[in-house]
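Dropping a prediction and its sequence here:
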Amino acid sequence: MSLRRTAATARRVLEQLRHDPRTIALMLIVPCVLISLLKWVFDSRPQVFQSVGAALLGIFPFIVMFLVTSVGMLRERTTGTLERLLTMPLGKGDLLGGYALAFGAVALVQAVLASWLTIGLLGLDVAAPVWTVVLVAVLNALLGMALGLFTSAFARTEFQAVQFLPAFVLPQFLLCGLFTPREQMQTVLRWLSDVMPLSYAVDAMNKITRDGTVTGGLVADMAIIAGAGVLALALGAATLRRRTE
Amino acid sequence: MMNFAVDIRELRVVRGGQTVLHDVTAQVPTGSVTGLLGPSGCGKTTLMRSIVGVQKVAGGEVRVLGLPAGSAALRDRIGYVTQAPSVYGDLSVMENLRYFAAVLGAPREDPERVLAAVGLESKETARVDRLSGGQRARVSLAAALLGAPKVLVLDEPTVGLDPVLRAELWGLFHRLAEADDPVTLLISSHVMDEASRCTRLLLMREGRILASDTPRALLESTGAADVEGAFLALVGAAS
């Protein structure tokens, strides 16, 4: 891996985003609008917003980055730029690292903005320091990016890439503990939920709203999210083949 | 060995159960402008992909500059232009070239140099997806000229270009090949009249090499008036 090539790749990905202000606006504003809507919908039952608001702060970055990366990487594959890069002295680590740096930076802005809105303006009560919310959100964004990168290898068209969102993300969304606490699920569902990384994002956010300090359990959840991200990146790297049919 | 920049021995490529290249043996002399001519679908692109090391091969050997094709040491010494321009449509011309230059570790002023070489200085800040097809192809070519490639593999680089520009690009290819430190060029085309601009020719049909010679020797041996005639004579002789 080379720092110069990784940084150049991150810069290139950010330049592509800069030429697409509508996508930037969607990435930053849509989560804020949805969280505000949630607050409004449950106006008469504020405990609902209190129980799922933080979890959503963790889930949105995951979904957004999954989509953006899977379509972006699919474009690299179909337009031949990926093949060109792989004939050049660019390591797979440089490419993946560049994407992670660029989208990590966007995720940081998104997380700060959404956390400020949710905690500052909409009055979500968070017991732990706010930076833990931002950190979990960024880790989730990187996990979403890594999974998007991996799944893009199985899509031939952008239509398929987008369809991977319901296929890969919605089951996690249903089982992550947002709708029913995970400990109340049927055994089989509980097992499934245990192996899905998004569950740990929701667990982490629940601990953050409940416990005043950074507990060992919270650190363990974050480590699991980060570990799942690294695993997905490694799987993604394995799909970047220099030689193809 | 090293007087051939590209040395292909009994290369066989199978794609989707179909043999696309049938034990192809061919050489590209160092410093030549070699035309790879043949009808669409005859395996030109597959042969080129094998040379740059992105094609899975079923058998045989390809060596470039004395090294096995696809070696890490070759990655900043081969420039490859695919048939469809492989550049970022959502970036400006200059942003594309700066990125590829950074990946190659090319000098800082290299993007300006290659842009001038393909005659696109005026489009520096234009977004690539707003350019015409021919202009996009030139951006892709410019990216392949970055750094100091010793071998250029160009898949149909002049298709659809204005004749004046085409003549200019062929002039550029010859200047590169005749430089003190010569570049070897392998250029594919399905247009036979580009043959006269090459110093050597590889004629291809249905995954096999029909002939490998200079344009003049090819016409003399077949007695044909042009390369298209020579191609027909060779196909007739083979069947």
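The structure has been received and is ready for your questions. Note that the structure is predicted; figures quoted are calculated from it, not measured.

Would you tell me which helix is longest in chain A?
Longest helix of chain A, by residue count under DSSP state H: helix A:46-78.

Now find how far off-centre that helix is within its chain.
5 Å (Cα atoms, centre = their mean, to the nearest Å).

From the contact counts, what lies against the helix or strand following it?
Once the chain leaves helix A:46-78, the next helix or strand it forms, by DSSP states H and E, is helix A:81-87. In terms of contact count using 3 or more Cβ pairs under 8 Å, 6 or more residues apart in numbering or on different chains; DSSP states H and E, helix A:81-87 is assigned the packing partners helix A:46-78, strand B:78-81. No exception for glycine: its C-beta is placed from N, CA and C like everyone else's.

one more time with 7 Å
Packing partners of helix A:81-87 (3 or more Cβ pairs under 7 Å, 6 or more residues apart in numbering or on different chains; DSSP states H and E): strand B:78-81.

right, is the strand it packs on up against chain A?
Yes: contact between strand B:78-81 and chain A, assessed by Cβ under 7 Å from any Cβ of the partner chain, occurs at B:Ile78, B:Tyr80.

chain center to that strand, what's the gap?
Counting by Cα atoms, centre = their mean, strand B:78-81 is centred 7 Å from the centre of its parent chain.

next one: stretch A:171-188
With Cα atoms, centre = their mean, you get 19 Å for stretch A:171-188.

follow-up on the earlier one: can you give me the buried ones in the longest helix of chain A?
Judged by neighbour count (16 or more other Cβ atoms under 10 Å in any protein chain shown), helix A:46-78 contains these buried residues: A:49, A:52-78.

can you check stretch B:221-230 too?
For stretch B:221-230, burial by neighbour count (16+ other Cβ under 10 Å) applies to B:Thr222, B:Ala224, B:Val227, B:Ala230.

How about the residues of chain B by chain A?
By Cβ under 7 Å from any Cβ, the residues of chain B that approach chain A are B:15, B:52-56, B:70, B:75-76, B:78, B:80, B:82, B:84, B:86-88, B:90-91, B:95, B:99, B:102-104, B:127.

What remains of those if I keep only buried residues?
B:52-55, B:70, B:75-76, B:78, B:80, B:82, B:86-88, B:90-91, B:95, B:99, B:102-104, B:127.

In strands, which of those appear?
Using DSSP state E, the subset of these located in strands is B:Ile78, B:Tyr80.

Keep only those of the buried ones among the residues of chain B next to chain A that are in helices.
Under the assignment DSSP H, those contribute B:Val52, B:Glu95, B:Tyr99, B:Ala102, B:Val103, B:Leu104 to helices.

what's the most distant pair in those?
Greatest spacing in these, by Cβ to Cβ: B:Val52 and B:Glu95 (24.0 Å).

for chain B, which helix is longest?
helix B:163-178.

List the buried residues of it.
B:Arg166, B:Leu169, B:Trp170, B:Leu172, B:Phe173, B:Leu176, B:Ala177.

for stretch B:115-128, same thing?
Neighbour-count burial for stretch B:115-128 flags B:Leu115, B:Ala117, B:Val118, B:Gly119, B:Leu120, B:Lys123, B:Arg127, B:Val128 (criterion: 16+ other Cβ under 10 Å).

Stretch B:58-65 now?
For stretch B:58-65, burial by neighbour count (16+ other Cβ under 10 Å) applies to B:Gly60, B:Val62, B:Arg63, B:Val64, B:Leu65.

Distance across stretch B:197-208, terminal residue to terminal residue?
One end of stretch B:197-208 to the other measures 23 Å (Cα to Cα, to the nearest Å).

what sits up against that stretch?
B:19-22, B:24, B:26, B:29, B:32-39, B:42-44, B:170, B:195, B:209-215, B:218, B:231, B:234-235 (Cβ atoms under 7 Å, 6 or more residues apart in numbering or on different chains).

same question, stretch B:169-185
B:5, B:28, B:30-34, B:117, B:149-152, B:154, B:157-158, B:187, B:197.

now the contacts of stretch B:197-208: which count as buried?
Buried among the contacts of stretch B:197-208 by 16+ other Cβ under 10 Å: B:20-21, B:24, B:26, B:32-38, B:42-44, B:170, B:195, B:209-213, B:215, B:218, B:231, B:234.

Tell me which of the residues you listed fall in helices.
B:Lys44, B:Trp170, B:Pro215, B:Leu218, B:Phe231, B:Leu234.

Please name the residues that touch the fifth one.
Contacts of B:Phe231 were listed using Cβ under 7 Å, 6+ apart, and they are B:Met192, B:Leu203.

What ranges does chain A have for its helices?
Counting by DSSP H, the helices of chain A are A:3-18, A:21-41, A:46-78, A:81-87, A:92-115, A:130-151, A:158-164, A:170-175, A:187-195, A:197-210, A:216-239.

Tabulate the ones you listed in a markdown table, adding columns for distance to B:Ser132.
Formatted as a markdown table, those follow (distance: least, Cβ to Cβ, whole Å):
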| stretch | distance to B:Ser132 |
| --- | --- |
| helix A:3-18 | 21 |
| helix A:21-41 | 25 |
| helix A:46-78 | 21 |
| helix A:81-87 | 19 |
| helix A:92-115 | 29 |
| helix A:130-151 | 33 |
| helix A:158-164 | 24 |
| helix A:170-175 | 42 |
| helix A:187-195 | 51 |
| helix A:197-210 | 45 |
| helix A:216-239 | 34 |
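
Let's have these in a markdown table, adding mean pLDDT.
Shown next, in a markdown table, are those (pLDDT from 0 to 100):
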| stretch | mean pLDDT |
| --- | --- |
| helix A:3-18 | 96 |
| helix A:21-41 | 91 |
| helix A:46-78 | 90 |
| helix A:81-87 | 93 |
| helix A:92-115 | 92 |
| helix A:130-151 | 91 |
| helix A:158-164 | 89 |
| helix A:170-175 | 89 |
| helix A:187-195 | 92 |
| helix A:197-210 | 92 |
| helix A:216-239 | 92 |
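
Residues of chain A that sit close to chain B?
Counting by Cβ under 7 Å from any Cβ, chain A sits next to chain B at A:4-5, A:8, A:12, A:15-16, A:19-20, A:79-81, A:83-90, A:242-245.

what do you get if the cut-off is 6 Å, keeping everything else the same?
A:5, A:8, A:12, A:15-16, A:19, A:80-81, A:83-84, A:87-90, A:243, A:245 (Cβ under 6 Å from any Cβ of the partner chain).
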